[in-house]
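J.: here's my sequence, what's the structure:
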Amino acid sequence: MARIQNWKPEDPVFWEQTGKALAWRTCGITTFSLIFSFATWFVMSAVVVRMPAIGFQFTTTQLFWLAAMPGLASGILRLIHSNFIPVLGTRPVVSISTIIKIIPMLWLGFAIQDLETPYATFMIIAFLCGMGGGDFSSFMPSTSTFFPKRLQGLAMGIQAGIGNFGISVVQFVAPWIIGFAVVGGAVGGPQLFTRANVVADAVEVVKSEAGVVTDVVAKRADLVPALQVERAEDGSIRNVSLVPADGVKLFESKVERDAAGGIQAVNSTPGLRLDLSRNEAGAITNVVVRNVVQRPLWLQNAAFIWIPFLVLAFVLCVVFLRSIQVPSRGFMGQFEILSSRNRANVHTWNCTMTYICSFGSFSGFSAAFPMLIRTLYGGFEGAPDPLAYAYLGPLIGGLVRVATGGFFDKIGGSKGMHWTTLGQIAGVLFLIFGGYLTPTSREQFDGFLYGMLWIFLMSGINNAATFRQYPIVFAYSPAKGAQMLGWTGAWAAFGPFVWNALIGTSISHTGTVIAFFAGCAVFYVYSLFINWWYYTRKGAERFDYGNADGTWWDKLSTAEQDNMKRIDLRQPV
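T.: This next block holds a predicted model:
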């Protein structure tokens, strides 16, 4: 289908008669598709927290890496996608990128049902899930070219905000959809889910200097008759167990399987179970009492559920989307944002850093949030279910994007970025100095949750402000403004990869996540300075004070504006 020529959204007559309807239709359809792009991008972060409970023997570091891989892929793919719209057009790019995401969803849905699936296979699947984040850098440049500058903040805020609901949707829907067989056994039977929470203050364990258990004493009155300690002739402990007693309900596993080993029914009795750890010599080194629950789980549903929505989005894209002709200098020409003409390279760096601060933080913490909850608070009695809370952060971030996009068209994006970056710094420092990253009890979880939700709130508003700010920074070239949205989105899409990888590294090297959060604070301060110096302070090089008070571009004379355009296009001055 031929592209639409002479697209003039800044012309009021053209906009009202022709442009408005097509622009908002395009925004609506691509936003619908973007919701499920983000859902497939973050599906792995919802799945990894359940994998140990169904039998996968992966370490905490390995689980963080599985959650990180979609971010690595999305960052790489966004660098590619940021070139597509000017060269290939909206309709083919969005349509193809939507339907191709069916591949990792199918593969993940079947792989998760086999406990013999190797870790390397899941790493490949996780990488392919990153396709759902990669096409964001085609969606945003497309939207920016359809709308006039005065509505770009609103349109892109709506698209990014509603699109990012996909993160919340996948983390909200997953706990519910995996609880039953959606289409019977057509896509596989259930897995055996086992949750075993430590019971605090159940027993007191005494150890020798060598770390061997020398005595075990029940601290709860009801466990005194149930706790059995078997000793050898030399007095060393040979075995520790729990036996039936009044007031003590012991866990009993009852699983019915078919001839092929598939689970037919789970009728296990929830209750207490005593777990022992032994050294190579067979001596007991630890004793833990856990409260255990078993039930069937259809974890494959977390992947399969998105396939029909992807198909529907694909059909809508093919039927209703159109491509418009925008100035393009080919793939290599798209990298002219790195040139020194009009100081494009300086502002490309600045915008990249501030976008990592906003969306990089949002996407990084969205992917890491479930594993952070599991890692920091999963060892306490009554530990919180990560998926019961993980969707809240992305939901808040998405809502505020929708609500504040138009607001920053009025006051300017740089002001919003300034104050929200300060808010992100405050949130990180609150978590560090409040002790919520090194908890000693389950009661500290509320403080951790509120601190994280505050960071999501601030980074979400910050992100909405960038959609207004970046096209203004490159006001002399709408093509470069669109390219900047794709370029910055590409680097910020590495957020899930960088955040999860660095969190895992921080834990493995220091035992806590404090080093990572301190690094975030330092980076946020750097981003704050860049935004203030170049875009916010009085007399800043490319200030943006909104539609009411004007921008740096508005203050230039017509001759100065024409001169910048000629420099950009390499025309004689």
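
J.: any stretches of the protein with poor pLDDT?
T.: Per-residue confidence for the chain (pLDDT under 70) gives these ranges: 1, 82, 183-185, 326-335, 573.

J.: touching, Ser477 and Lys565? I think so.
T.: Yes. Contact status for Ser477 versus Lys565: in contact at 7.2 Å, counting by C-beta atoms under 8 Å. Just so you know, the C-beta spots here come from the backbone N, C-alpha and C atoms, and that holds for glycine as well.

J.: out of the two, which sits in the busier spot?
T.: Ser477 (21 against 13; other C-beta atoms under 10 Å).

J.: make sure Asn342 is actually in contact with Ile567.
T.: Yes. Here Asn342 lies in contact with Ile567, judged by C-beta under 8 Å, at a distance of 5.6 Å.

J.: what kind of secondary structure is the closest residue to Phe14 other than its chain neighbours in?
T.: Closest residue in space to Phe14, ignoring its immediate chain neighbours: Lys8 at 4.6 Å, by C-beta to C-beta, 6 or more residues apart in numbering. For Lys8, the reduced secondary structure class is coil; criterion used: DSSP: H, G, I helix; E, B strand; the rest coil.

J.: what segments of the stretch 451-573 of the chain are helices?
T.: Ranges of helices in the stretch 451-573 of the chain, per DSSP state H, counting those that start in this stretch, are 478-492, 495-510, 514-531, 546-549, 552-555, 558-568.

J.: and the fifth one, what's buried?
T.: For helix 552-555, a neighbour-count test (16 or more other C-beta atoms under 10 Å) marks Trp552, Trp553 as buried.

J.: Thr375 is in contact with Pro384, correct?
T.: No. Pro384 sits out of contact with Thr375 when judged by C-beta under 8 Å, with a separation of 11.9 Å.

J.: so which of the helices of the stretch 451-573 of the chain is the most surrounded?
T.: helix 478-492 (a mean of 26; mean count of other C-beta atoms under 10 Å).

J.: dump that helix to CSV, restricted to CA.
T.: In CSV, the C-alpha atoms belonging to helix 478-492 read as follows (Å, rounded to 0.1, in the frame of the first residue of the first chain):
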residue,chain,number,x,y,z
PRO,A,478,11.1,16.4,13.2
ALA,A,479,12.9,13.4,11.7
LYS,A,480,15.6,13.7,14.3
GLY,A,481,13.1,14.3,17.1
ALA,A,482,11.4,11.0,16.1
GLN,A,483,14.7,9.3,15.8
MET,A,484,15.8,10.5,19.3
LEU,A,485,12.7,8.9,20.8
GLY,A,486,13.7,5.6,19.2
TRP,A,487,17.4,6.0,20.0
THR,A,488,16.9,6.8,23.7
GLY,A,489,14.3,4.1,24.1
ALA,A,490,16.8,1.6,22.7
TRP,A,491,19.4,2.3,25.3
ALA,A,492,16.9,2.6,28.2
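
J.: okay, angle between that helix and helix 495-510 too, please.
T.: Between the direction of helix 478-492 and that of helix 495-510, the angle (axes from the mean of the first three to the mean of the last three C-alpha atoms, to 10 degrees) works out to 30 degrees.

J.: packing partners for helix 478-492?
T.: Contact partners of helix 478-492 among helices and strands, from 3 or more C-beta pairs under 8 Å, 6 or more residues apart in numbering; DSSP states H and E: helix 60-81, helix 84-88, helix 136-146, helix 344-355, helix 445-473.

J.: could you rerun that using 6 Å?
T.: Helices and strands touching helix 478-492, by 3 or more C-beta pairs under 6 Å, 6 or more residues apart in numbering; DSSP states H and E, are helix 60-81, helix 136-146, helix 344-355, helix 445-473.

J.: for Trp533, which of those is the nearest?
T.: The closest approach between Trp533 and any of these, judged by C-beta to C-beta, belongs to helix 344-355 at 8.9 Å.

J.: hmm, back to that, out of the helices and strands packed on helix 478-492, which comes closest to Ser277?
T.: The minimum distance between Ser277 and the helices and strands packed on helix 478-492 falls on helix 60-81, with 17.0 Å, by C-beta to C-beta.

J.: OK, contacts around Ile35?
T.: Residues near Ile35 by C-beta atoms under 6 Å, 6 or more residues apart in numbering: Gly163, Phe165, Gly166.

J.: what helix or strand is the nearest residue to Val266 once chain neighbours are set aside located in?
T.: Taking C-beta to C-beta, 6+ apart, and ignoring the residues beside it in sequence, Val266 has Pro296 as its nearest neighbour in space, at 4.8 Å. Per DSSP states H and E: Pro296 is located in strand 284-297.

J.: which other helices and strands contact that strand?
T.: Under the contact criterion of 3+ C-beta pairs under 6 Å, 6+ apart, strand 284-297 touches strand 191-198, strand 263-266, strand 271-278.

J.: give me the contacts around it.
T.: The set of residues external to strand 284-297 that reach it, using C-beta under 6 Å, 6+ apart, is 178, 190-191, 193-199, 202-203, 205, 211, 213, 216, 237, 240, 251, 253, 266, 268, 270, 272-279.

J.: next, the buried residues of that strand.
T.: If you call a residue buried by 16+ other C-beta under 10 Å, then strand 284-297 has these buried ones: Ile284, Thr285, Val287, Val288, Val289, Arg290, Asn291, Val292, Val293, Gln294, Pro296, Leu297.

J.: turn those residues into TSV, columns for distance to Gly447.
T.: Converted to TSV, the buried residues of strand 284-297 look like this (distance: C-beta to C-beta, whole Å):
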residue	distance to Gly447
Ile284	36
Thr285	33
Val287	31
Val288	26
Val289	27
Arg290	26
Asn291	24
Val292	29
Val293	27
Gln294	32
Pro296	35
Leu297	31
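
J.: show me which of these is closest to Pro141.
T.: Leu297 (40.3 Å).

J.: look up how far Gln191 lies from that closest one.
T.: Relative to Gln191, Leu297 is positioned 5 Å away (C-beta to C-beta, to the nearest Å).

J.: what residues are shared contacts of these two?
T.: What both Leu297 and Gln191 touch, as defined by C-beta under 6 Å, 6+ apart, is an empty set.

J.: about what we covered before: okay if I get the helices of the stretch 451-573 of the chain as a markdown table plus distance to Ile85?
T.: Compiled in a markdown table, these are given as follows (distance: least, C-beta to C-beta, whole Å):
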| stretch | distance to Ile85 |
| --- | --- |
| helix 478-492 | 7 |
| helix 495-510 | 22 |
| helix 514-531 | 26 |
| helix 546-549 | 26 |
| helix 552-555 | 23 |
| helix 558-568 | 19 |
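
J.: closest one to Thr143 among these?
T.: Nearest to Thr143, of all the helices of the stretch 451-573 of the chain, is helix 478-492, at 8.5 Å by C-beta to C-beta.

J.: which residues touch that closest one?
T.: For helix 478-492, the external contacting residues (C-beta under 6 Å, 6+ apart) are 75, 78-79, 82, 136-137, 140-141, 144-145, 326-327, 334, 337, 351-352, 355-356, 359-360, 470-471, 474.

J.: what subset of those residues is buried?
T.: Buried residues within the contacts of helix 478-492, counting neighbours by 16+ other C-beta under 10 Å: 75, 78-79, 82, 136-137, 140-141, 144-145, 326, 334, 337, 351-352, 355-356, 359-360, 470-471, 474.

J.: in stretch 411-429, what's buried?
T.: Within stretch 411-429, judged by 16+ other C-beta under 10 Å, the buried ones are 411-418, 420-421, 423-425, 427-429.

J.: ok, Glu532 - contacts?
T.: Glu isn't right for residue 532; it's Trp. Taking C-beta under 6 Å, 6+ apart as the contact definition, Trp532 lies against His418.

J.: quick one: the helices in the stretch 101-250 of the chain?
T.: Chain-ordered helices for the stretch 101-250 of the chain, with DSSP H, counting those that start in this stretch as the definition, fall at 102-111, 119-129, 131-134, 136-146, 149-163, 165-177.
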